[in-house]
Structures are given as structure tokens and as C-alpha cells.
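Sequence plus predicted model, see below.
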Amino acid sequence: MSPRLAPSTGGPRVIAGTRGAEGPVRVRIGAEVVEWRPGETLIETLMAHYYGRRGRGSFQGCRRGGCGACKLRLEEGVVALRRDHSRDVLAPEERACGLFLACRAYPLTDLAVRPVARRNLFFERYGRALARAESVSTSDRSSPGR
Ligand code: FES
């Protein structure tokens with residue numbers, strides 16, 4: 001069973017912004033829940049979760065909004081997304097559909113996210129975890145009664 005998050009109102013939304021919530025929030029990715037700390041981008045939280053605080057260098061994405069390796073789909077909650085990213089890796093239409101880049105994003109509420117692009121060249125261990133999250137998320141959606 002997936003961990004429960006505090007409900008957000010108004011459905012998932014990606015809005016423009018450069019700051020997140022003032023207190024910690026929980027981010028559900030597949031069956032896992034990680035705690036985001038104020039001041040971090042979401043990719044910093046995920047890197048720390050998958051590699052440890054000293055292992056951030058293991059993630060090979062650009063961390064500047066230029067490669068798309070950290071693209072996620074927002075399923076629940078509200079996220080603030082900085083505008084300084086490449087439109088080639090995240091088009092306005094994608095943003096409008098709830099896609100965002102974790103390296104340019106700050107949670108404003110508890111979130112549930114799902115991986116979109118799986119570029120194993122960049123992801124390595126993170127990609128394997130995201131792949132697991134993706135398969136859990138897929139099986140969640142196909143469960144009876146949902
Ligand atoms: S890590 Fe490259 S766009 Fe986020």
C-alpha cells in the first residue's frame with residue numbers, strides 16, 4: 001500500500017516560483033516517501049535520498065534545467081518551478097500538463113510524483129529507483145477498485 005500524504009486542494013499544479021514551502025514536506029515517488037527540506041531543489045532531495053548527502057556527484061544530470069534527465073510528472077500537490085530552464089527539455093505545453101524538472105522545482109505542499117524520462121546514461125542508481133517507482137505507480141493505477 002502506498003504511503004498516504006496530506007491532501008492538497010485544487011488538484012496538481014505547476015506554478016512559476018523560486019521558493020518552496022517554509023517547512024518540510026513529504027514527496028511520494030512510487031512506494032517511497034522522502035522528506036524535502038526548505039531551500040533545496042527537489043533534485044537535491046532525491047539525490048540525497050538515493051545517494052546520501054555526500055554522494056550527490058553520482059547523479060550525472062546537469063542540475064541547471066538543460067538536459068531533461070530529472071523530468072517528473074506531478075500527480076498530487078503544488079510545485080513552484082523556476083523559469084530558468086531550457087524550453088527544449090520542458091516545453092510550456094508539457095508544463096501545463098503537469099510535467100516539471102526536479103532540478104528547477106521547489107515543493108509548496110506534499111507531493112506525489114512519477115518519473116517521465118528514464119535516461120539511464122544520467123540516472124544510474126537514481127534511474128533504477130525511478131524505474132521501480134514507475135512500476136509501482138503503474139501497478140497502483142491498475143489495481144482493482146482505483
Ligand atoms: S538535471 Fe538536467 S534538467 Fe534537471
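Right, received. Where do you want to start? Only a predicted model underlies this, so the values are computations on that prediction, with no experimental measurement involved.

packing partners for the helix or strand residue 50 falls within?
Following DSSP states H and E, one finds residue 50 within helix 42-51. Contacts defined by 3 or more Cβ pairs under 8 Å, 6 or more residues apart in numbering; DSSP states H and E place helix 42-51 against strand 25-29, strand 32-36, strand 105-107, helix 125-141. To be clear about C-beta, it is placed using only N, CA and C from the backbone, and glycine gets the same treatment.

Run the angle between it and strand 25-29 for me.
With axes from the mean of the first three to the mean of the last three Cα atoms, to 10 degrees applied, the angle from helix 42-51 to strand 25-29 works out at 70 degrees.

Could you tell me the angle between the very next helix or strand once past helix 42-51 and helix 42-51?
As assigned by DSSP H and E, the chain's next helix or strand after helix 42-51 is strand 71-76. Interaxial angle, strand 71-76 versus helix 42-51 (the same axes, to 10 degrees): 100 degrees.
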